[in-house]
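What follows is a protein structure lacking sequence information:
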């Protein structure tokens, strides 16, 4: 038996983008590295960065 699910296009697009991110090992590594940098306090404020 086939079942159909209906959802708004924006929800579908969001789910599709999430799957694309989760399917990209390099992008996932970059995200994890960024989270680690934030947790370790290795950040630059937007004000300081924009003055460079």
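Alright, I've got the coordinates. Source: prediction; values computed, not measured. Numbers count the residues shown, from 1 in each chain.

Give the residue spans of the chain that score low on pLDDT.
Within the chain, the stretches with pLDDT under 70 are 52.

can we see that at 80?
49-52 (pLDDT under 80).

hey, where'd the strands end up in it?
Assigned by DSSP state E, the chain shows no strands.

Helices along the protein, start to end?
Here the chain has its helices, by DSSP state H, at 9-22, 25-39, 46-50.

want to try a markdown table for those, with distance to residue 3 and mean neighbour count as columns?
Backbone N, C-alpha and C define where each C-beta goes, glycine included. Converted to a markdown table, the helices of the chain look like this (distance: least, Cβ to Cβ, whole Å; neighbours: other Cβ atoms under 10 Å):
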| stretch | distance to residue 3 | mean neighbour count |
| --- | --- | --- |
| helix 9-22 | 16 | 10 |
| helix 25-39 | 31 | 10 |
| helix 46-50 | 47 | 8 |
